[in-house]
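Colleague: After the sequence you'll find the predicted model.
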Amino acid sequence: MSLINKMLQDLDARGTPDGRGDAAGIRSVPERERGVSRAQVFGGAAGLTAAAIALGWVYLKRPAVPPVLINVASTPVLLPVSAPVPAAVAPVPVVVAAAEPVVAAEPEPVFQAEETVAPARLRAAEMRRITEQPAKRAAAPVVKTPALAASERIIDGKQVTPQQRVENEYRRALAQLQDGRVSDAMLALQQTLQLDPRHQGARETLVRLLLEAQRPDEAARQLQLSLALDPKQPAQAMMLARLQLDKPNGGAVALDTLTRSLPYASDSGEYQAFLAGVLQREQRYREAAEHYQLALQTAPDNSVWWMGLGIALQADNHPAQARQAFERAKGLQTLSPQLQAFVERKLVQLTAAAAK
């Protein structure tokens, strides 16, 4: 404090003309009026110095601030790649990976700038992110779906083959027929045959419906189409021949129909007997007798066929053999009363002829 008093006296001396200053206005501060002792001042200064040294030591020895990871994937970068970096600003090194397809991955951990993360934890998080990141998916191979064939269709989202379409149409026709919708069923059967002309179930059902509807000409036409595609159908050949016999001069046409399918019905007694009856109608008695005999080999107790054989043999001038055939037919006792009477009359004629 003495130093301060001396400075005040000097200032006072310079401020007066005679250099003395106002001695009455300025006086030294007596020691007893001082609020702080010299020892306290020195002690406070020493404390401040120690605190400054401690703060400096702490500042110099503080741990390095770890780098902070910031998710830059979601931050759009608007600067062009070719833009020059100002020389005054130190560029931040950025590692740019090669352009790759975007692969869905788990979100990367993002650390805010305010957070303090220990270097060890930071490295562990970075390693976990690298190891847990799913590998890039390989591009799926391009599989070319074969184009549908012209005959295939898509119905209700399903690929339907031609055969499946045929069966679906045929089942639809049968369902309509069961419901009594005969006209719709016939149209569905015709549609089935357009898809598959060889579908015998649809053909035979349609023919039966046409016959029941008194439309024999259309039924005959359906049978002709079927036999033209496949003559190995003896039942349809017999049905067509019956329809043809109802026409004027239809015997020859019916005989032609039966002859074409004969190779596929050699073991059918009914077919042989039917052919024999048509031959007999056409007055081809010898051939008729031969086919009756073939038929009887399959069914020896058929009295009607024995009667037919007797008629053919009598017309072919074989009375003795004809008489034996009639007697066999009569003895079986299976003929209707009318046919039984017919056979008995034939036996009387042959007996009388033999007596002469």
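Modeller: Right, received. Where do you want to start?

Colleague: So residue 159: helix, strand or coil?
Modeller: Secondary structure of residue 159, reduced to three states by DSSP: H, G, I helix; E, B strand; the rest coil: strand.

Colleague: same question, residue 271
Modeller: helix.

Colleague: cool, and residue 323?
Modeller: helix.

Colleague: Excluding chain neighbours, what is closest to it?
Modeller: With Cβ to Cβ, 6 or more residues apart in numbering as the criterion, residue 323 has its nearest non-adjacent residue at 4.4 Å, and that residue is residue 350. Quick note: C-beta positions are derived from backbone N, CA and C, even for glycine.

Colleague: Look at that neighbour and say how many residues are nearby.
Modeller: Residue 350: 19 surrounding residues under other Cβ atoms under 10 Å.

Colleague: try residue 286
Modeller: When counting by other Cβ under 10 Å, one arrives at 13 neighbours for residue 286.

Colleague: need the contact list for it.
Modeller: Contacts here follow Cβ atoms under 8 Å, 6 or more residues apart in numbering; on that basis residue 286 touches 312, 316.

Colleague: What are the buried residues along the one helix or strand residue 291 maps to?
Modeller: Residue 291 belongs to helix 285-298 when assigned by DSSP states H and E. In terms of neighbour count (16 or more other Cβ atoms under 10 Å), helix 285-298 has its buried residues at 285, 287, 288, 289, 290, 291, 292, 293, 294, 295, 296.

Colleague: Quick one: mean pLDDT over stretch 349-356.
Modeller: Taken as a whole, stretch 349-356 has a mean pLDDT of 86.

Colleague: please begin residue numbering at 35 from this point
Modeller: Sure thing, new numbering starts at 35, so read that last one as stretch 383-390.

Colleague: And the contacts of that stretch?
Modeller: Residues outside stretch 383-390 that contact it (Cβ under 8 Å, 6+ apart): 348, 353, 354, 356, 357, 360.

Colleague: What about the fourth one, how many residues nearby?
Modeller: Put plainly, it is residue 356. Burial measure for residue 356: 23 neighbouring residues, criterion other Cβ under 10 Å.
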